[in-house]
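Asks: Quick one, structure for this:
(chains A and B)
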Amino acid sequence: MSDASKSLNFLEELIEADLASGTHGGRVLTRFPPEPNGYLHIGHAKSICLNFGLGLKYGGGTNLRFDDTNPTKEEQEYVDAIEADVRWLGFDWKAVLFASDYFQTMYDYAEFLITRGKAYVCDLTEAEIRDYRGNFHVPGKDSPYRDRPVEENLDFFRRMKAGEFPEGAKVLRAKIDMQSGNMNLRDPLLYRIRHAEHHRTGAAWCLYPMYDYAHPVEDALEGVTHSICTLEFEDHRPLYDWVLEQDVEEQFFKRPLPKQFEFARLNLTYTVMSKRRLLELVKEGHVKGWDDPRMSTISGLRRRGYTPAAVRAFAEKVGVARRAALSEVALLEGAIREDLEKAAPRRMAVLRPLKVTITNLAEGEAHELTLANHPDEGFGTRQVTFTRDLYIERDDFEEVPPKKWFRLAPGAEVRLKGACLIRCEEVVKDASGQVVELRCTWDPASLGGDAPDGRKVKGTLHWVSAVHAVNAEVRLYDRLFTAEDPMDTPEGGDWRASLNPASLEVLTEARLEPSLADAKPGDRFQFERLGYFCADPDSKPGAPVFNRTVALKDSWVKAEAKG
RNA sequence: UGGGGAGUAGCCAAGUGGUAAGGCAGCAGGUUUUGAUCCUGCGUAUCGAGGGUUCGAAUCCUUCCUCCCCAACCA
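Replies: Below is the predicted model of the structure:
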């Protein structure tokens, strides 16, 4: 994948500069630090590919570290799902670690900060703290507890740990600068009391560290060299550095200290990308679950039929930079088409069946045909049966064909893929005028696909034999939102307003060629002329359910639209 | 009336003073038993705007404009 001519992104440049100057002794260690409070989405996939990619490229590896510092939100279920998603994407971590692994060290370092007069126990209420903090235009004012003596701070902090105080009664704060223009430096909270069961440490602690304190400590303890996060943490960088730099005698952290770098998070058109919004979609029933194929979650993409390689290729194509960007889903769709074009075996499937009778073929007469599984002969062949009763796609027939119509129409001749040429002789309608059957004749001389007399047909249709076909459910997905940026709502608007009511269409009458009868969940195919499809976990032997991953590009719809 | 960032074609994104890579999308044509794939060709990008420095500026200086992030005991 790495082409010598390919330019480096800014993080690779930074790392190579550090490597050249020997800043970290030639070492590179990155980390991917999810909070186990939800499922990973395509935005996380970008971060995973970035962090693990860098770890791989520069030989140092990457830690998977769960930032489990808030027991009220985190669960083991999410830990398991996140590990599975990272593995599915194809990455291997150097170690699986947890912020909770460091709770004792973090506590010890906090006592150290207190001892050095760098942190204090504050008794202000939550509302008071907010009030004292000021705002963008008004500087904060010092807490009345700011100059509490060291011994008193230590005593209170230990008693906080011992569980003597209720939640909210006291917090530990860094003593930095209540006047700072950077709100993060106005004596940020380091610890808060939570009498809650933690998914890993149980009831061992009732004191939990805040992200801004925990994160740099974790990175330093693990020897992370480049701590890569998204742009919104930019203003937190001075605090990240402050926390580590208080260790002046280097008792806690080895040098050099890790450094934080920020990149722009991924945004995709026609979708939402925050855990909170995704959770709302699930809870409010707009989708069927975290792994609904319309979701931008990794589990959703997987169920939709995306391959890990396609997601990785997408992450590579979208690039890394520091400017907030909104990437087009078309890039993601292009990535999966590109991968599946090479990898997916071809099959014939009729989504909306229209009956075709070959009138000059005897009842019971059958021709066994051999079809290639892929343009690449290495994929081998399979047998299908051509009989008198067939189904073709309803969309492939027009009673009054538009200009440049290559498909079937009264009197028109087309090729049935891998079979023969047929001509439409008669259109049968029901009482309501609906076309219910096409009576056609075939040219026996064209068996195999071409007419010996050299006459050409422009259209080739996919088809299945009625008696041999297996019935299936096929789910067609469209974008979940109709707005490019659902979050960019007009004044007072709700992002849900642009939810696409037609994002899912379930087809229950699809007919598939028999080789698809026992498709296993996760099996991917190209249904000729339609798109790429993936067998859903809802499939049963003999009763497959397919999800459309992405449709094939279709220049006919454009030509038709233009007239 | 604070602090921190960012502005290069429809969307991403290289470029780090020497005269604007690449990908995606789009358009046109060719091949084709998938209107797919594949192949070929196609973009005057006022490099956010003005001013300046320089033989030479997307790159340096300056003024201005626009957009994003920050006021959880979330991460």
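
Asks: all strands for the stretch 1-150 of chain A, in order.
Replies: For the stretch 1-150 of chain A, applying DSSP state E, counting those that start in this stretch gives strands covering A:30-32, A:62-66, A:95-98, A:119-122.

Asks: and those strands, which is most packed in?
Replies: Burial of these is given as mean neighbour count (mean count of other CB atoms under 10 Å); strand A:30-32 ranks first at a mean of 26. Where C-beta positions appear, they are placed from N, C-alpha and C, glycine not excepted.

Asks: Output the contacting helices and strands for it.
Replies: helix A:42-57, strand A:62-66, helix A:211-222, strand A:226-230 (3 or more CB pairs under 8 Å, 6 or more residues apart in numbering; DSSP states H and E).

Asks: of the ones you listed, which approaches RNA strand B most closely?
Replies: helix A:211-222 (3.5 Å; CB to the nearest atom of the strand).

Asks: tilt between that closest one and strand A:62-66?
Replies: 140 degrees (axes from the mean of the first three to the mean of the last three CA atoms, to 10 degrees).

Asks: Tell me which helix or strand in chain A has the weakest average pLDDT.
Replies: helix A:555-562 (a mean of 86; mean pLDDT, DSSP states H and E).

Asks: any residue of it up close to RNA strand B?
Replies: Yes: counting by CB under 7 Å from any atom of the strand, RNA strand B has neighbours in helix A:555-562: A:555-556, A:558-559.

Asks: Reformat those residues into CSV and put neighbour count next to each item.
Replies: Compiled in CSV, these are given as follows (neighbours: other CB atoms under 10 Å):
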residue, neighbour count
A:Ser555, 7
A:Trp556, 14
A:Lys558, 9
A:Ala559, 12
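
Asks: Widest-spaced pair of those residues?
Replies: Of all pairs drawn from those, the greatest distance, 7.2 Å, lies between A:Trp556 and A:Lys558 (CB to CB).

Asks: what about the nearest residue to A:Val121 once chain neighbours are set aside, which helix or strand?
Replies: Distances taken as CB to CB, 6 or more residues apart in numbering place A:Phe156 nearest to A:Val121, at 4.2 Å, with adjacent residues excluded. Element membership of A:Phe156 [criterion: DSSP states H and E] is helix A:150-161.

Asks: Can you list the strands that the next helix-or-strand element following that helix pairs with?
Replies: Moving toward the C-terminus from helix A:150-161, the next helix or strand (DSSP H and E) is strand A:171-174. On the basis of DSSP bridges, the sheet neighbours of strand A:171-174 come out as strand A:119-122 (antiparallel), strand A:189-193 (antiparallel).

Asks: With distance to A:Ala20 and mean pLDDT added, can I get the ones you listed in CSV?
Replies: Shown next, in CSV, are those (distance: least, CB to CB, whole Å; pLDDT from 0 to 100):
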stretch, distance to A:Ala20, mean pLDDT
strand A:119-122, 38, 98
strand A:189-193, 36, 98
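
Asks: Export those strands as TSV, with columns for distance to A:Glu528.
Replies: Converted to TSV, these look like this (distance: least, CB to CB, whole Å):
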stretch	distance to A:Glu528
strand A:119-122	67
strand A:189-193	60
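
Asks: Distance to RNA strand B added to those, as TSV?
Replies: Putting those into TSV (distance: least, CB to the nearest atom of the strand, whole Å) gives the following:
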stretch	distance to RNA strand B
strand A:119-122	8
strand A:189-193	4
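
Asks: Among these, which comes closest to A:Gly59?
Replies: strand A:189-193 (34.9 Å).

Asks: for the residue of the stretch 401-550 of chain A found nearest RNA strand B, what are its contacts?
Replies: The stretch 401-550 of chain A approaches RNA strand B most closely through A:Gly449 (1.4 Å), counting by CB to the nearest atom of the strand. Contact analysis of A:Gly449 by CB atoms under 8 Å, 6 or more residues apart in numbering lists A:415, A:417-421.

Asks: SS state for it?
Replies: coil (DSSP: H, G, I helix; E, B strand; the rest coil).

Asks: how close does it sit to A:Phe546?
Replies: 26 Å (CB to CB, to the nearest Å).

Asks: and what of A:Val217?
Replies: Counting by CB to CB, the gap from A:Val217 to A:Phe546 is 49 Å.

Asks: more crowded one of these two?
Replies: A:Phe546 (29 against 22; other CB atoms under 10 Å).

Asks: Tell me the residues of the stretch 251-400 of chain A that contact RNA strand B?
Replies: Counting by CB under 7 Å from any atom of the strand, the stretch 251-400 of chain A sits next to RNA strand B at A:264, A:317-328, A:330-331, A:334, A:337-338, A:341, A:346, A:374-375.

Asks: Okay, and which of those map to helices?
Replies: A:317-318, A:330-331, A:334, A:337-338, A:341 (DSSP state H).

Asks: Mind picking the one among those that's closest to A:Leu480?
Replies: A:Ala330 (15.3 Å).

Asks: What is the burial count for that closest one?
Replies: Neighbours of A:Ala330 using other CB under 10 Å come to 11.

Asks: Next one, pLDDT for it please.
Replies: pLDDT recorded at A:Ala330 is 97.

Asks: follow-up on the earlier one: pull out the buried residues from the ones in helices among the residues of the stretch 251-400 of chain A next to RNA strand B.
Replies: Buried residues within those, counting neighbours by 16 or more other CB atoms under 10 Å: A:318, A:334, A:337.

Asks: The residue nearest to the last one when sequence neighbours are not counted: what secondary structure?
Replies: The shortest distance from A:Arg337 to any non-neighbouring residue, by CB to CB, 6+ apart, is to A:Val550 (5.9 Å). A:Val550 carries the three-state label strand when classified by three-state DSSP.

Asks: Now do the same contact list for A:Val550.
Replies: So A:Val550 contacts A:305, A:333, A:336-337, A:340, A:531-532 (CB under 8 Å, 6+ apart).

Asks: Could you rerun that using 7 Å?
Replies: A:333, A:336-337, A:531-532 (CB atoms under 7 Å, 6 or more residues apart in numbering).

Asks: Over to A:Tyr102?
Replies: A:217-218, A:221.

Asks: give me the low-pLDDT residue ranges for chain A?
Replies: A:1-5, A:563 (pLDDT under 70).

Asks: Show me the domain layout of it.
Replies: A:3-265, A:275-345+A:473-562, A:349-462 (automatic domain parsing).

Asks: what about the second one, start to end distance?
Replies: Start-to-end span of domain A:275-345+A:473-562 (CA to CA, to the nearest Å) is 41 Å.

Asks: So which bits of the stretch 1-150 of chain A are right by RNA strand B?
Replies: Near RNA strand B, when you scan the stretch 1-150 of chain A using CB under 7 Å from any atom of the strand, you find A:6-10, A:13, A:33, A:35, A:67, A:69-70, A:73, A:124-126, A:129-130, A:133, A:135-137.

Asks: Kindly write the ChimeraX command that selects the buried subset of the residues you listed.
Replies: Selection of buried members from these for ChimeraX, criterion 16+ other CB under 10 Å:
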select /A:33,35,67,69,70,124,129,133
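
Asks: so what's the residue of chain A positioned farthest from its centre closest to, chain neighbours aside?
Replies: In terms of distance from the mean C-alpha position of chain A, A:Asp453 ranks first, at 52.4 Å (CA atoms, centre = their mean). Distance criterion CB to CB, 6+ apart; nearest residue to A:Asp453, sequence neighbours excluded, is A:Ala445 at 7.7 Å.

Asks: cool, A:Asp292 as well?
Replies: Per CB to CB, 6+ apart, closest to A:Asp292 is A:Gly300, 5.6 Å.

Asks: so how far is A:Leu438 from that neighbour?
Replies: 39 Å.

Asks: ok so, going back, what's the closest of the helices and strands packed on strand A:30-32 to A:Phe91?
Replies: helix A:42-57 (4.1 Å).

Asks: and for that closest one, what are the contacting residues?
Replies: Taking CB under 7 Å, 6+ apart as the rule, helix A:42-57 contacts A:11, A:15, A:28, A:30-32, A:34, A:61-62, A:86, A:89, A:91, A:228, A:265-266, A:268, A:273, A:296, A:298, A:301, A:311-312, A:315, A:318, A:320.

Asks: And for stretch A:476-489?
Replies: A:269-272, A:293-294, A:304, A:326, A:329, A:495, A:497-500, A:502-505, A:507, A:547-548.
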